[in-house]
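*Asks:* Provided below are the primary sequence and the corresponding predicted coordinates.
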Amino acid sequence: MTVYTERNQGSALADFLAENAQVLSIAFFFVMCLVFFSVFTDTFLTIGNFLNVLRQAAPILIVAVAMTFVIITAGIDLSVGSQVALINAVAAIALAAGFAWPVVVIGMLVFGGLVGLMQGWFVAYQGIPAFIVTLAGLSILRGIALYLTKGYSIPINNVPGFFEIGRGTLFGAPVPAIIAVAIAILGYIVLTATKYGRQVTAVGSNTEAARRVGMPAKWTIASVYVIAGVASAVAGILLAARLGSGSSNAAVGFELQVIAAVVLGGTSLMGGRGTILGTILGTLTIAVIGNGLILMHISPFFTQIVTGAIILVAIWLNTRIFTTNFRFGKRKAA
């Protein structure tokens, strides 16, 4: 007669650490960054500086939340920086032409969604790799922005309501930061508590299996690029409202910061796994590093070196250490 024995129960703490290793690691790294810059600068731990960090990090966080959905589906969007620049430029041109700013804001959100839909259609329904599609989009969209502006900055004048979006405060907090937090909360709820969020994760884990059980796999893939397009539009509007101008040279290198924040936060480039909380921590870490290096009077160009190194290390941790087989401690054999 076969005797069945119950598997020994593992440590609850070990299970928790294994399941949340990536988020805990970036949280620890974030705290270390706070401590480091607090020690080596005099103005880092001030309310004014923190509000400035939040205001500057808001566009990155907004697009990073959307990029989390894209990367969970095992895709990538290299064109988000060019999308931000195009929206930024077109919004400035429309406002300079006399259009009401609420109309311009709504129009740019729709425009961003259409750009994302076009790219998502090529990826999902035409089977072209996302890297190729969005790399082409990076060049095309930036080129359109350059053509429309002729390489010049387009000033935005006498639109106080529009400026409040990028420069205003509410209960002492910057409006861009409030918008970014609201979008991050919405992204967290959608990813963790809705049918759509489960579909995104399932498609990223195994697209064919998701399709076979009746999920709209292709539409799910296309939809995340729509989300990225709308998020890029929001970021472009915030930049235009904060700077008071639109430029085709806006958001250069923006996609690097966004992808770094998402990957650093633990979202797998292989798809099927990702957290909005990790993305938030990754974004804040990137923002704090950039702000801290400036306060230490280190060249801002060095930030690009640090960001690139962070991406490399994060990917290495993602593929070599924080895998599905990673465990804290050992379990006893059954």
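*Replies:* Perfect, thanks for sending it.
*Asks:* Residue ranges in the stretch 201-334 of the chain under the pLDDT threshold?
*Replies:* The model of the stretch 201-334 of the chain has pLDDT under 70 over residues 311, 314-315, 317-334.
*Asks:* quick one: the strands in it?
*Replies:* Secondary structure of the stretch 201-334 of the chain by DSSP state E, counting those that start in this stretch: the strands cover 245-246.
*Asks:* what ranges do the helices span in it?
*Replies:* Using DSSP state H, counting those that start in this stretch, the helices of the stretch 201-334 of the chain run over residues 207-212, 217-243, 254-264, 276-295, 301-316.
*Asks:* Next, the angle helix 276-295 makes with the last one.
*Replies:* For helix 301-316 against helix 276-295, the angle by axes from the mean of the first three to the mean of the last three Cα atoms, to 10 degrees is 150 degrees.
*Asks:* Point me to the residue sitting closest to the centre of this protein.
*Replies:* The residue lying closest to the centre of the chain (Cα atoms, centre = their mean) is residue 64, at 0.5 Å.
*Asks:* Export the helices of the stretch 201-334 of the chain as CSV, with columns for distance to residue 137.
*Replies:* For the C-beta atoms, the positions are set from N, CA and C on the backbone; glycine is no exception. CSV is the format used below for these (distance: least, Cβ to Cβ, whole Å):
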stretch, distance to residue 137
helix 207-212, 22
helix 217-243, 9
helix 254-264, 10
helix 276-295, 22
helix 301-316, 20
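*Asks:* I'd assumed residue 267 was in contact with the residue nearest to the centre of the chain.
*Replies:* No. The criterion here is Cβ atoms under 8 Å, and residue 64 misses it with residue 267 at 9.4 Å.
*Asks:* Touching both of these two, which residues are there?
*Replies:* Contact criterion Cβ atoms under 8 Å, 6 or more residues apart in numbering; residues shared by residue 64 and residue 267: residue 279.
*Asks:* Name the nearest residue to residue 278, sequence neighbours excluded.
*Replies:* When the adjacent residues along the chain are set aside, residue 278 lies closest to residue 265, with 3.0 Å between them (Cβ to Cβ, 6 or more residues apart in numbering).
*Asks:* Equivalent analysis for residue 99, please.
*Replies:* Residue 99 sits nearest to residue 107 (Cβ to Cβ, 6+ apart), 7.9 Å away.
*Asks:* thinking that neighbour is in contact with residue 94, fair?
*Replies:* Yes. If you go by Cβ under 8 Å, residue 107 and residue 94 touch, sitting 7.1 Å apart.
*Asks:* If you count surrounding residues, which of these two has more?
*Replies:* Neighbours per residue (other Cβ atoms under 10 Å) separate residue 107 from residue 94, with residue 94 holding more: 20 against 16.
*Asks:* Name the helix or strand for the more buried one, please.
*Replies:* Take DSSP states H and E as the rule and residue 94 turns out to sit in helix 80-96.
*Asks:* For residue 196, see how far away the residue nearest to residue 99 is.
*Replies:* Distance from residue 107 to residue 196, counting by Cβ to Cβ, to the nearest Å: 25 Å.
*Asks:* Residue 281 now?
*Replies:* Residue 281 is 24 Å from residue 196, where distance means Cβ to Cβ.
*Asks:* okay, the two: which has more neighbours?
*Replies:* Per other Cβ under 10 Å, whichever of residue 281 and residue 196 has more neighbours is residue 281, with 25 against 15.
*Asks:* you'd agree the more buried one is up against residue 27?
*Replies:* Yes. Using Cβ under 8 Å, residue 281 makes contact with residue 27 at a distance of 5.6 Å.
*Asks:* OK, contacts around residue 306?
*Replies:* 289, 293.
*Asks:* what about the spatially closest residue to residue 155 that is not a sequence neighbour, neighbour count?
*Replies:* Of all residues not flanking residue 155 in the chain, residue 245 sits nearest, at 5.1 Å (Cβ to Cβ, 6+ apart). Other residues within reach of residue 245, judged by other Cβ under 10 Å, total 18.
*Asks:* The one 5 residues further on too?
*Replies:* Counted with other Cβ under 10 Å, the neighbours of residue 250 add up to 27.
*Asks:* just the one 5 residues further on next, same as before
*Replies:* Other residues near residue 255 come to 23 when the count uses other Cβ under 10 Å.
*Asks:* dump the residue contacts of the nearest residue to it once chain neighbours are set aside.
*Replies:* Leaving out its chain neighbours, the residue that sits closest to residue 255 by Cβ to Cβ, 6+ apart is residue 81, at 4.3 Å. Going by Cβ under 8 Å, 6+ apart, residue 81 touches 138, 142, 251, 252, 253, 254, 255, 256, 258.
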